[in-house]
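[1] I would like the atomic coordinates for the input below:
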Amino acid sequence: MLRDMEENNEKSTSYPTPASLSNEDNERDPHSCDSFMVPNLAGSGGLDRLIDTAKDYARQATADNTNAAYKADWAHFTRWCRRSGADPLPPSPELIGLYLANCASPNDGSPPLSVSTIERRLSGLAWHYRQRGFTLDRKDRHIATVLAGIRRKHARPPVQKEAILRDDILDMINTLDFGLRDMRDRAILLVGYAGGLRRSEIVSLDFARDDTEDGKGWITIEDQGLILTLTGKTGWREVEIGRGSGDATCPVHTLEQYLRYAKIDFGPLFQRISRNGHKATGDRLSDKHVARLIKKTVLAAGIRADLPVAERLKLFSGHSLRAGLATSANVDERYIQKQLGHASPEMTRRYQRDRDRFRVNLTKAAGL
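    Here you go, the predicted model:
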């Protein structure tokens, strides 16, 4: 195989400082769909609008974060091709095999990529080739055997984000004050935790149905609690958030208070707050704000204070809310699966951090 490759021949991670965790600005859409293929039709100016519409639908076929990741994957690959004197088009399995090998053992002194990142890069390349009318055969021996070797030599157990448990979330919301911005952030934490939501799902909610074009769901407040109707990786679903045992920790009451004082009855649910902190601006928050909020309040609450700050920041992310609900809610697994919107119970179990460990002792059950 290596002879075939020769004959054909044709990331450092940084973490935010505590001071930067509250910044709500400087976010923009990092992806585009300029590679979307359109027919070459002459004399039909009316098709221009449909071309733009088709490109927009193509962008919506995958999540924004996935689009951004795939764009970065293609940019990384094409830069490597330029440095290597190779052409990325049309797809060459031999070339892709060499690229994967370089990702695992870079020849420029840069740190090697993890196996999961390499697999994601391969998915990104396959996606981009499809957009250009090509097919990348990932089962080709030049790709499959190299990837199998990388997995065998470099694979490590998955690193999961720490779950935010009941006492953790209470400590986190207690670090927030009672200004409008803190009222909003408290509602984000409690609704995200009780709903088992992804950070993108939290910020994509609108107050009511069809309020905005970019909204991915809306809320309905009822006497018994809150109903979220939203779309995610598994399609449309409803999430029920019941009222809590006390106002201070009730996600529904906290959300109602935020909406009342922010005077929000239309548009994005979670909005940026003016510089003076007195009113909502109408602009939707970025999902990055949720990640920064979690890290900021984790530090302020002293969670895992036995670790250095940088290590603590690595442990927690937006997924910590979902993992926290899955781990803390001691109910039948099927209810947790429904709340999280998972297609299989196996995926739900990945979020239940050590919840069932040693609950069943097979050693004693076997008579030892």
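[2] how about the helices in the stretch 151-300 of the chain?
    In the stretch 151-300 of the chain, the segments counted as helices under DSSP state H, counting those that start in this stretch are 166-173, 180-195, 199-203, 251-262, 287-301.
[3] Flag every buried residue along the longest one.
    When you say that, I think you mean helix 180-195. For helix 180-195, a neighbour-count test (16 or more other Cβ atoms under 10 Å) marks 180-195 as buried. (C-beta placed from N, C-alpha, C; glycine too.)
[4] now do the fourth one
    For helix 251-262, the neighbour count (16+ other Cβ under 10 Å) marks 251-255, 257-259, 261-262 as buried.
[5] Could you tell me the angle between the top helix by length along the chain and helix 287-301?
    Determined from DSSP state H, the single longest helix within the chain is helix 64-84. Here helix 64-84 points in a direction 100 degrees away from that of helix 287-301 (axes from the mean of the first three to the mean of the last three Cα atoms, to 10 degrees).
[6] any weak-confidence spans in the stretch 201-350 of the chain?
    233-234, 328-350 (pLDDT under 70).
[7] Endpoints of stretch 254-270, how far apart?
    13 Å (Cα to Cα, to the nearest Å).
[8] cool, and stretch 267-274?
    16 Å.
[9] Can you give me the buried ones in that stretch?
    267-273.
[10] In this structure Leu170 contacts Thr249, no?
    Yes: shown here, Leu170 and Thr249 form a contact pair, counting by Cβ atoms under 8 Å, at 6.4 Å.
[11] which one of these two has more residues nearby?
    A count of neighbours by other Cβ atoms under 10 Å puts Thr249 above the other of Leu170 and Thr249, at 17 against 13.
[12] Against Ile173, how distant is that one?
    The spacing between Thr249 and Ile173, counted by Cβ to Cβ, to the nearest Å, is 7 Å.
[13] Mutual contacts of those two, please.
    Leu190 (Cβ atoms under 8 Å, 6 or more residues apart in numbering).
[14] Show me the chain divided up by domain.
    2-20+29-154, 166-351 (automatic domain parsing).
[15] Just confirm Gln160 contacts Ala323, I think it does.
    Yes: under the criterion of Cβ under 8 Å, Gln160 makes contact with Ala323 at 7.2 Å.
[16] Look at these two and report which has more neighbours.
    Higher neighbour count among Gln160 and Ala323: Ala323, with 24 against 13, using other Cβ under 10 Å.
[17] check which helix or strand covers that one.
    Per DSSP states H and E: Ala323 is located in helix 319-328.
[18] could I get that helix in CSV with only the CA atoms?
    Taking Å, rounded to 0.1, in the frame of the first residue of the first chain, the C-alpha atoms of helix 319-328 are listed here in CSV:
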residue,chain,number,x,y,z
HIS,A,319,-22.7,19.6,27.8
SER,A,320,-22.1,19.6,31.6
LEU,A,321,-25.7,20.7,32.0
ARG,A,322,-27.1,17.7,30.0
ALA,A,323,-24.8,15.3,31.7
GLY,A,324,-25.9,16.7,35.1
LEU,A,325,-29.6,16.2,34.5
ALA,A,326,-29.0,12.7,33.2
THR,A,327,-26.9,11.8,36.2
SER,A,328,-28.9,13.5,38.9
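[19] Can you redo the buried residues of helix 251-262 as a markdown table, where the extra columns are distance to Arg132?
    Formatted as a markdown table, the buried residues of helix 251-262 follow (distance: Cβ to Cβ, whole Å):
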| residue | distance to Arg132 |
| --- | --- |
| Pro251 | 45 |
| Val252 | 48 |
| His253 | 52 |
| Thr254 | 48 |
| Leu255 | 45 |
| Gln257 | 51 |
| Tyr258 | 46 |
| Leu259 | 46 |
| Tyr261 | 51 |
| Ala262 | 45 |
